[in-house]
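> Please find the sequence and the predicted model below.
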Amino acid sequence: MSSPHQTVHINAPADAFADTVLLPGDPLRAKFIAEHFLTDVKEVNNVRNMLGYTGFFQGHRLSVMGTGMGIPSCSIYAKELITEYKVKNLIRVGSCGAVSEQVKLHDIIIAMGACTDSKVNRIRFKDHDFAAIANFELLNTCVNTAAQLALKVQVGNVFSSDLFYTPQPEMFDLMNNMGILGVEMEAAGLYGVAAQYGARALTILTVADHITLDTHLSSDARQSSFAQMAQLALTTAKAL
Ligand SMILES: O=P(O)(O)O[C@H]1O[C@H](CO)[C@@H](O)[C@H]1O
Ligand SMILES: O=c1cc[nH]c(=O)[nH]1
């Protein structure tokens, strides 16, 4: 019988989470992944409707939980999962916007590094620049897994912004020139939390919007693209 255990934001027993947790921003994406890919699933968190589940993927125990949108929300869940639930691997499965014509809707991006306009990593690193990078073993396993699944992925730098509705749209051209593959709102913060508290993190993204071309996936197309990304993340997690 598990001991009663909970944090301010997670009402799960101490052993409720697997070593690896997939982290979509949208809690309904967590529910979708749990219902479509996991067996013997239990709901383990519902505080603030930030749904979390633990089950089995091809016999391997895994968890999935929403993080909400933006670095502050994601950082709360990532920190509590690491320090209170002893989670070792955090794999964000998110959506992003593209700024380069080389990156198309539906593409899958693996965030080797994440730039940001957020100050969180400077707050934790005495105002110096912290290189927010993915854990190499997770990254390498994910790239190899994508090849095995015959999924095309692009690996590189992303940008985690604090404002979805930016007052600096001129940044998108600069990001394109600097090789940014996708714009989202959590990866740099997740990598900072993982470094601070001693866990491994990776971010996988599906391109759902093309910011400079002003094109967007329909909600049905989002669902099927996200399913491919979920398959990649789950198969990666199983291989760790
Ligand atoms: O689809 P998710 O994982 O929420 O990711 C992206 O979508 C949200 C903005 O619409 C932000 O959280 C951004 O990072
Ligand atoms: O942060 C995000 C996420 C998806 N699409 C965007 O344009 N920005």
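Yep, that arrived. Ligands and ions are numbered 1, 2, ... in the order given.

> Pretty sure T206 is one of the things K104 touches, is it not?
No: shown here, K104 and T206 do not form a contact pair, counting by CB atoms under 8 Å, at 11.1 Å. C-beta here means a position set from N, CA and C on the backbone, and glycine is covered the same way.

> When those two are compared, which one has more neighbours?
Ranked by neighbour count (other CB atoms under 10 Å), K104 and T206 place T206 first, with 25 against 13.

> Show me what the more buried one is bridged to.
When bridges are taken as DSSP bridges, the partners of T206 come out as S95, I108.

> separation between it and V193?
Separation of T206 from V193 (CB to CB, to the nearest Å): 22 Å.

> Which positions in this protein make contact with ligand 2?
Where the chain comes near ligand 2, counting by CB under 6 Å from any ligand atom, the residues are S95, C96, G97, F164, V183, E184, M185, A208, D209, I211.

> So which residues make contact with the least confident helix or strand in the chain by mean pLDDT?
In the chain, no helix or strand scores lower on mean pLDDT, DSSP states H and E than helix 219-239, which sits at a mean of 93. Residues from elsewhere that reach helix 219-239, judged by CB atoms under 8 Å, 6 or more residues apart in numbering: 20, 22, 24, 29, 32-33, 36-37, 57-58, 60, 62, 89, 91, 93, 95, 105-106, 108, 138, 141-142, 144-146, 148-149, 151, 153, 202, 204-206, 208, 217.

> starting at the chain centroid, how far to that helix?
12 Å (CA atoms, centre = their mean, to the nearest Å).

> Buried residues of that helix, list them for me.
222, 225-226, 229-238 (16 or more other CB atoms under 10 Å).

> now, among the residues you listed, which is nearest to ligand 2?
Of all the buried residues of helix 219-239, R222 has the smallest distance to ligand 2: 10.2 Å, by CB to the nearest ligand atom.

> Could I get the full set of strands for this protein?
20-23, 39-45, 52-57, 60-65, 89-98, 108-116, 153-160, 182-184, 200-210, 215-216 (DSSP state E).

> Parallel or antiparallel, which strands does the third one pair with?
For strand 52-57, the paired strands and their directions (DSSP bridges) are strand 39-45 (antiparallel), strand 60-65 (antiparallel).
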